[in-house]
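Novice: What shape does this take:
(one chain, ligands or ions: 2)
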Amino acid sequence: MRLLSFKGGIHPEDGKELTKGEKIVRTAAGDKLYYSLSQHIGAPSVPIVSKGDHVLRGQMIARANGNVSAFVHASVSGTVEGIEKMRMPSGNMADCIVVDNDHEMREVQFQADKLEEMTRDEILKRIKNAGVVGMGGAGFPTHVKLSPPNPDKIDSILVNAAECEPYLTGDYQRMTEEPEKIMTGLLAVLKLFPGARGYLCIEDNKKDCITAMEPLCRDHNIEIKCLRTKYPQGAERVLISTVTGRKINSKMLPADALCIVDNVETMVAIGEAVINGKPLMDRTITVTGDAVKNPKNLSVPIGILHREAADAAGGFSKAPQKIISGGPMMGNALISLDVPVTKTSSGLLAFSEDVVSESEPSACMNCGRCVEDCPGRILPTRLADFADRGDKESFLKYHGMECCECGCCSYICPAKRHLTQSIRSMRKILLDEQKKGQVKVK
Ligand code: SF4
Ligand code: SF4
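Specialist: Ligands and ions are numbered 1, 2, ... in the order given. Here you go, the predicted structure:
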């Protein structure tokens, strides 16, 4: 099988050996669940339950509010306690519906159906009603992604199974333990785009996954693409370019390159929604790092606290100095574990050393390594300088918005400059200003 790759990128410490092969363990929920109304991009969902209401597992508790919003469902049965503002993994505050768990896990009646009997509209409606969003981090509502303006022209459905973030192995386990669930989701998406071919895009450090998935692809219009293990192979634009040779920039969507891209966990959620009529209630999360007692892959009810996920992995064997929600490259540092797991939480990492904040940045030595390794082919060092000086005009002129915030530049910089952090802050300012109509960046 030909190995595909891209220009730039890095080989960070893998860390996957801690949980690779650790079977996904179902984790029980605690006494209270916290369902954020902002688990997706777009406007916060609107609660449709009130204090004192009894809810069932799978019951819709908040409705979408606008075109790129998503429904939210309870992942346990219990009683609505009210709405509480809580800190999210991103650091932002969000309203959460709090449910007192009755520990009975009584479910709504899910309506299973056959894919061959469903129309395009029915498939999309099921995905929308299930509250499925991109679970790799972006939280873009999946039914919107699957409704491009040019559906007849879409020719490639990419399953992002690169799992290029170090330490995370949830997708790896899904592919080896439940490959048929991923296939079910992919077949549902392919039914929406009959002119398209499916591609399972897997890095070459996951040979077991290729072995598990290959027999399932044989009788379908689906092919496995083997990718060279390199970070950030799974970044959406990088993946599209590697697999199809088509380039898109930050102003474009994958559909502009005639592609749809969804990650492994999202494909599972699509399959569950379309075939089993189940809303998004649970997700896989890798709990790992040298400070975690028993690193594990867990299937957790959405809405549990990160603290409970840590406890399910035995808690900490040493005092963690750095805790991250997500992967080590693109995740968010947590200052508290009392933060709910959302639809986009892929990992909880705890390290006994905080290498980044312990290293003092020094002046740039013009080694050029950040430029060489940047997959966006932009100039991290100059962009970080513009960002630090608040020079928005130059930041835009030098294509700062093309940064995918992969973290390669900071990782590789021998002067330990916080390049990604500076660029990310400026991007956030500009995107916020764009939302308010103060600046045009896209
Ligand atoms: S500038 Fe952005 S895209 Fe380039 S390496 Fe840094 S974080 Fe990644
Ligand atoms: S990697 Fe660091 S030291 Fe080298 S050019 Fe980039 S910013 Fe400067």
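Novice: need the residues of the protein near ligand 1, please.
Specialist: 374-376, 378, 380, 403-409, 419-420, 423 (CB under 6 Å from any ligand atom). Using the backbone N, CA and C atoms, a C-beta is placed for each residue, glycine as well.
Novice: Within reach of ligand 2, which of these are there?
Specialist: Within the residues of the chain next to ligand 1, those near ligand 2 by CB under 6 Å from any ligand atom are Leu419.
Novice: Where neighbours are concerned, which of the residues of the chain next to ligand 1 has the most?
Specialist: Within the residues of the chain next to ligand 1, Cys409 tops the neighbour count with 30 neighbours, counted by other CB atoms under 10 Å.
Novice: Skip ahead from the helix or strand that contains that residue and say which helix or strand is next.
Specialist: Assigned by DSSP states H and E, Cys409 belongs to helix 408-412. Beyond helix 408-412 in the direction of the C-terminus, DSSP H and E gives the next helix or strand as helix 419-435.
Novice: Which neighbouring elements make contact with that next one?
Specialist: Contacts defined by 3 or more CB pairs under 8 Å, 6 or more residues apart in numbering; DSSP states H and E place helix 419-435 against helix 380-389, helix 392-397, helix 408-412.
Novice: let's see it at 6 Å
Specialist: helix 380-389, helix 408-412 (3 or more CB pairs under 6 Å, 6 or more residues apart in numbering; DSSP states H and E).
Novice: List of residues touching that helix?
Specialist: Taking CB atoms under 6 Å, 6 or more residues apart in numbering as the criterion, the residues outside helix 419-435 that touch it are 380, 383-384, 387-388, 395, 403, 405, 407, 409-410, 439, 441.
Novice: can we see that at 7 Å?
Specialist: 370, 380-381, 383-384, 387-388, 392, 395, 400-401, 403, 405, 407, 409-410, 413, 439-442 (CB atoms under 7 Å, 6 or more residues apart in numbering).
Novice: and that helix with helix 380-389, angle?
Specialist: 60 degrees (axes from the mean of the first three to the mean of the last three CA atoms, to 10 degrees).
Novice: List the buried residues for helix 419-435?
Specialist: For helix 419-435, the neighbour count (16 or more other CB atoms under 10 Å) marks 419-424, 426-427, 430 as buried.
Novice: care to break the chain down by domain?
Specialist: 3-20+111-276, 369-435 (automatic domain parsing).
Novice: Which pLDDT value goes with Ile41?
Specialist: Ile41 is assigned 88 on the pLDDT scale.
Novice: wait, I meant Met1
Specialist: 78.
Novice: separation between the residue in the stretch 151-300 of the chain that ligand 1 sits nearest to and Ile41?
Specialist: Residue of the stretch 151-300 of the chain nearest ligand 1, by CB to the nearest ligand atom: Pro232 (7.2 Å). Separation of Pro232 from Ile41 (CB to CB, to the nearest Å): 20 Å.
Novice: neighbour-wise, which of these two wins?
Specialist: Pro232 (27 against 16).
Novice: which non-adjacent residue is nearest the more buried one?
Specialist: Cys406 (4.1 Å; CB to CB, 6 or more residues apart in numbering).
Novice: Next up, phi/psi of the one you found, please.
Specialist: Its backbone dihedrals place Cys406 at phi -70, psi -20, with angles given as degrees, to the nearest 10.
Novice: low-confidence ranges in the chain?
Specialist: Filtered on pLDDT under 70, the chain yields the residue ranges 355-358, 439, 441-442.
Novice: Out of the helices and strands packed on helix 419-435, which one sits most buried?
Specialist: helix 408-412 (a mean of 24; mean count of other CB atoms under 10 Å).
Novice: The residue most central in space within the chain in helix, strand or coil?
Specialist: With distances taken as CA atoms, centre = their mean, the chain has Gly136 as the residue nearest its mean C-alpha position (1.5 Å). Following DSSP: H, G, I helix; E, B strand; the rest coil, Gly136 is assigned to coil.
Novice: Run through the residues that contact it.
Specialist: 160, 263, 266, 346.
Novice: re the thing from before, please name every helix or strand in contact with the helix holding Cys409.
Specialist: helix 369-373, helix 419-435 (3 or more CB pairs under 7 Å, 6 or more residues apart in numbering; DSSP states H and E).
Novice: what's the closest of these to Val68?
Specialist: Nearest to Val68 among the helices and strands packed on helix 408-412 is helix 419-435; the distance by CB to CB comes to 12.4 Å.
Novice: how many neighbours does the closest residue to Ala212 other than its chain neighbours have?
Specialist: Computed as CB to CB, 6+ apart, the closest residue to Ala212 that is not its neighbour in sequence is Pro179, at 4.5 Å. The burial count assigned to Pro179 is 20, neighbours taken as other CB under 10 Å.
Novice: cool, Gly52 as well?
Specialist: 9.
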